[in-house]
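In: Any chance you can model this:
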Amino acid sequence: MTPRFAGKVAVVTGAGAGIGRAVALRLAAEGASVAVLDLAADAAADTVAAITETGAHARPVVVDVASPDQVRDGLADVVSAFGGIDVLVNNAGVVRYGTVPEMSVEDWHLVVGTNLTGTFLTCKYAIPAMRARGGGAIVNTASAQAFASQPLVAAYAASKGAVVAMTRSLAVDHAADGIRVNCVCPGSVETPMLRYGAELLGEGDAGATMHDWGRQHPIGRLIQPSDVAGLVAFLASDDAATITGAPYLVDGGLLARLGV
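Out: Below you'll find the predicted structure:
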């Protein structure tokens, strides 16, 4: 069978590690040429190397997704190099912990700027390129915390809830352009971001803390980046041709257990 993304160009933000890296590898394995966007040049280069070793095509693009100029120029580079954009996966994200009174304004802007404004900016500059190709698919990374929150994540939960709402609006606005827009809402995924939280909030060994968090999910384990990548690939593919404007949980049953 022809790979689902043969001849397609995919842009993945935050693709240097974690979910973004898994998504970039999955789309490349299914035939896409992948633009690997990340703030860290070394991380972007590592993902590109992993892709090109398989014979697929990839290009590193070092971008701060909260910067309008960097996003505009980075996506222009992708269009110039690959000829267009068919798939956009907005995955770049950060978390900072604290109650609202405790959180610095700088940390608030960092979280909202990366998670929400970054999604706005990449869509702003990618959608015209998608229109020129006759349509495409956007998959945003939200979170189970858009629906049920843990302590100390007001900025993160707010940004991810807004991503869910933006996903719906984008889907309505651009259905006539042939552009579908969905989002995935993971639970606790075994990523560097989760380890950062475990080191900051846990008591003792971060690995043990992460294992305990995984056991809170009905499936009894942490979600793997590849688990999320499989859902992203489906939503970005023609197999999901009639699906748009929807949030998809990939949370190991967490919200079902919470009754949300």
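In: ok, Ala206 to Asp251 distance?
Out: 21 Å (C-beta to C-beta, to the nearest Å). All C-beta atoms are positioned from the backbone trio N, CA, C, and that covers glycine.
In: Give me the more crowded residue out of those two.
Out: Ranked by neighbour count (other C-beta atoms under 10 Å), Ala206 and Asp251 place Asp251 first, with 26 against 16.
In: Please name the residues that touch the closest residue to the more buried one other than its chain neighbours.
Out: Nearest non-adjacent residue to Asp251, counting by C-beta to C-beta, 6 or more residues apart in numbering: Gly187, 3.3 Å away. Listed by C-beta atoms under 8 Å, 6 or more residues apart in numbering, the contact set of Gly187 reads Ala144, His217, Ile223, Leu249, Val250, Asp251, Gly252, Leu254, Leu255.
In: With respect to Met193, which of those residues is nearest?
Out: Ile223 (12.5 Å; C-beta to C-beta).
In: what's the residue closest to the geometric middle of this structure?
Out: With distances taken as C-alpha atoms, centre = their mean, Asn91 lies nearest the centre of the chain, 1.8 Å away.
In: Would you mind confirming that it makes contact with Ala15?
Out: Yes - the criterion here is C-beta atoms under 8 Å, and Asn91 meets it with Ala15 at 7.0 Å.
In: between those two, what contacts are shared?
Out: Shared contacts of Asn91 and Ala15, counting by C-beta under 8 Å, 6+ apart, come down to Val23.
In: and this protein, what are its domains?
Out: Following automatic domain parsing, one finds the domains of the chain at 9-187+225-248, 191-222.
In: So for the residue nearest to Asp251, what's the pLDDT?
Out: If you check Gly187, the pLDDT there is 96.
In: For Gln224, see how far away it is.
Out: 11 Å.
In: ok, longest strand in the protein?
Out: strand 179-186 (DSSP state E).
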